[in-house]
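A.B. asks: what follows is a protein structure lacking sequence information:
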């Protein structure tokens, strides 16, 4: 197929996918695009940075490039690099080439959106044939307002969709003059004031006669932006639904419900009998459903901020997923007898497959350079590099709790003495959380590659084809994708430390995989996976790279030996350690009625 024809086909596929996604959420905007045509003849071209684009000539035979650039990716990267989007939504007047919005979306949090106001529909049509916007349109992270009524359409959208934050930052184009900046800023202010005035009459408020709380309805609320906390919210939601209850989840993993006033209105309509606050507290909402039982769930990586625990009602209990989370709750004034220590859990109802042999390695990637962790002073950088050498010298025996010892040894080696307790704590924490785990992952992955054992990595931060060539990288799975994602694997290896990925490891065990966990001599598995997993009964521990490779080789050649030995692991997880079991326990502890089949 000729290059031009192939490009036209690619453009058509992109446009059709984008228009289908747009029609599902903004049908009027989709109609604008379908009927839009450029006012002159445009031709497909490849830009100077090899990005597909379009160009045309005017009546004076001067060439023009779509998006006003011959290097859209290079300019886009430079533009986004210097832009500070903040934590809210972003406004862009004019779509540019389109790649700029895609680059910015990759940097935004899951709760943020970009609103593009483009008076010329044909420009959006062309951009939609060059850039894949569909995933962001579906997730409501990209909003398109097109044509002469674009500003009015934007106001109407934000009034009707009361959970969206209004755009607070503006991305200005390089060609903007002072007059352009003044115009867009004025329009933004008008949009904010008009929407705020109209929303006061459209956002639902608590009813005069509240709906009676429903015993079979549970609401989940979180305002904590950490990706693992967001993931936890959805796992808890899966557990609630698995016991047969209705569930509504307000988590900042989408721009759709970010205003607390909208959340409160939706809660009043939903009338939950119980509310679960994930890394949040009831005081984060101004109004709560009457008669609702409440619990706090504190994850391994995030603890409720703001309201002290002493202000909570005596009926509110807390459930901590780690000793550190429990200690944080105690420090905020929560009574010890109202805190339950609770282990991570698997997603409910995962199918068990005992036939597969592929190996799944769970390990996040960290950048262990001193600059990446904020170390710039020469003395701190030298200490970091010396600590790296010391850990590598004992990589098989190294444990996370040796970070302070390693730092002290590095000081002695270099003749340094850190007087500041704050600096010492900062360096120790970085060695424990970043340097040690990063070096361990690299060493054990290199051992796998050296022994030519094929594996797939599940973890965050990896770049496919760059960090570990020819090794497949899995995106984190969700409650909806877990079964299909995990089915092909027969063994799972955990190289993550305590706060890493116990939940993902539990999912793997529940799916029937044989678990291999690094536990150096003198270390405890409870620091990694809680007290619910027992070495040699539920998982196979390894202490060194040689032991690691030997164990995996044995599994690959004698899988039935391992399946017989760990035949009860998946059964144990399904019976006691899924999120449906955790939800039953939480509801029981706070005095909420259980479904009949769940009642003990």
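C.D. replies: Yes, it's here. It should be emphasised that the depicted structure is a prediction, and the values quoted were computed from it without experimental measurement.

A.B. asks: could you use CA atoms for every contact and neighbour count after this?
C.D. replies: Fine.

A.B. asks: look up how far residue 168 lies from residue 183.
C.D. replies: As judged by Cα to Cα, to the nearest Å, residue 183 and residue 168 stand 15 Å apart.

A.B. asks: distance of the residue nearest the centre of the chain relative to residue 470?
C.D. replies: In the chain, the residue lying closest to the centroid (Cα atoms, centre = their mean) is residue 227, at 3.4 Å. Residue 227 sits 27 Å away from residue 470, going by Cα to Cα.

A.B. asks: then residue 132?
C.D. replies: Here residue 132 is placed at a distance of 26 Å from residue 470 (Cα to Cα).

A.B. asks: so which of these two has more stuff around it?
C.D. replies: Neighbours were counted for residue 132 and for residue 470 using other Cα atoms under 10 Å; residue 132 has more, 19 against 12.

A.B. asks: need the contact list for that one.
C.D. replies: By Cα atoms under 8 Å, 6 or more residues apart in numbering, residue 132 lies in contact with 14, 17-18, 102.

A.B. asks: measure it to residue 77 for me?
C.D. replies: 17 Å.

A.B. asks: now residue 324
C.D. replies: Distance of residue 324 to residue 77, given as Cα to Cα: 39 Å.

A.B. asks: what pLDDT does residue 536 get?
C.D. replies: Residue 536 carries a pLDDT value of 81.

A.B. asks: what are the ranges of the strands in the stretch 351-500 of the chain?
C.D. replies: Using DSSP state E, counting those that start in this stretch, the strands of the stretch 351-500 of the chain run over 358-362, 456-458, 473-474, 489-494.

A.B. asks: and among these, the most buried is which?
C.D. replies: Counting by mean count of other Cα atoms under 10 Å, strand 489-494 has the highest mean neighbour count of the strands of the stretch 351-500 of the chain, with a mean of 25.

A.B. asks: show me what that strand is in contact with.
C.D. replies: With Cα under 8 Å, 6+ apart as the test, strand 489-494 has contacts from 353-363, 505, 508-509, 512-518.

A.B. asks: and the strands in the stretch 151-300 of the chain, which stretches?
C.D. replies: Using DSSP E, counting those that start in this stretch, strands in the stretch 151-300 of the chain cover 167-171, 214-221, 246-250, 272-278, 293-298.

A.B. asks: tabulate the ones you listed (JSON lines), appending distance to residue 113, mean neighbour count and mean pLDDT.
C.D. replies: What follows is those, written out as JSON lines (distance: least, Cα to Cα, whole Å; neighbours: other Cα atoms under 10 Å; pLDDT from 0 to 100):
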{"stretch": "strand 167-171", "distance to residue 113": "8", "mean neighbour count": "19", "mean pLDDT": "97"}
{"stretch": "strand 214-221", "distance to residue 113": "20", "mean neighbour count": "21", "mean pLDDT": "96"}
{"stretch": "strand 246-250", "distance to residue 113": "17", "mean neighbour count": "19", "mean pLDDT": "97"}
{"stretch": "strand 272-278", "distance to residue 113": "23", "mean neighbour count": "25", "mean pLDDT": "97"}
{"stretch": "strand 293-298", "distance to residue 113": "27", "mean neighbour count": "25", "mean pLDDT": "96"}
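
A.B. asks: out of these, which gets nearest to residue 157?
C.D. replies: Shortest separation from residue 157 across the strands of the stretch 151-300 of the chain is recorded for strand 167-171, at 12.5 Å, computed as Cα to Cα.

A.B. asks: mind listing the strands the closest one pairs with, and their directions?
C.D. replies: Strand 167-171 has the following strand partners under DSSP bridges: strand 89-93 (parallel).

A.B. asks: could you list the low-pLDDT ranges of the stretch 451-600 of the chain?
C.D. replies: Applying pLDDT under 70 to the stretch 451-600 of the chain picks out residues 463-467, 496-501, 524-531, 597-600.

A.B. asks: tell me how many other residues surround residue 564.
C.D. replies: Residue 564: 9 surrounding residues under other Cα under 10 Å.

A.B. asks: following the helix or strand containing it, which helix or strand comes up?
C.D. replies: Using DSSP states H and E, residue 564 sits in helix 559-565. Of the helices and strands lying after helix 559-565 in sequence (DSSP H and E), the nearest is helix 569-576.

A.B. asks: just the buried residues of that following helix, please?
C.D. replies: For helix 569-576, a neighbour-count test (16 or more other Cα atoms under 10 Å) marks 569-574 as buried.

A.B. asks: tell me how far it is from the chain's mean position?
C.D. replies: How far helix 569-576 lies from its chain's middle: 27 Å, per Cα atoms, centre = their mean, to the nearest Å.

A.B. asks: check which helices and strands the helix holding residue 564 sits against.
C.D. replies: Applying 3 or more Cα pairs under 8 Å, 6 or more residues apart in numbering; DSSP states H and E, we find helix 559-565 packed against no helix or strand.

A.B. asks: mind listing what's buried in it?
C.D. replies: Buried residues in helix 559-565, counting neighbours by 16+ other Cα under 10 Å, are found at 559, 562-563.

A.B. asks: pick out whichever of those residues sits closest to residue 412.
C.D. replies: In terms of Cα to Cα, no member of the buried residues of helix 559-565 lies closer to residue 412 than residue 562, at 45.8 Å.
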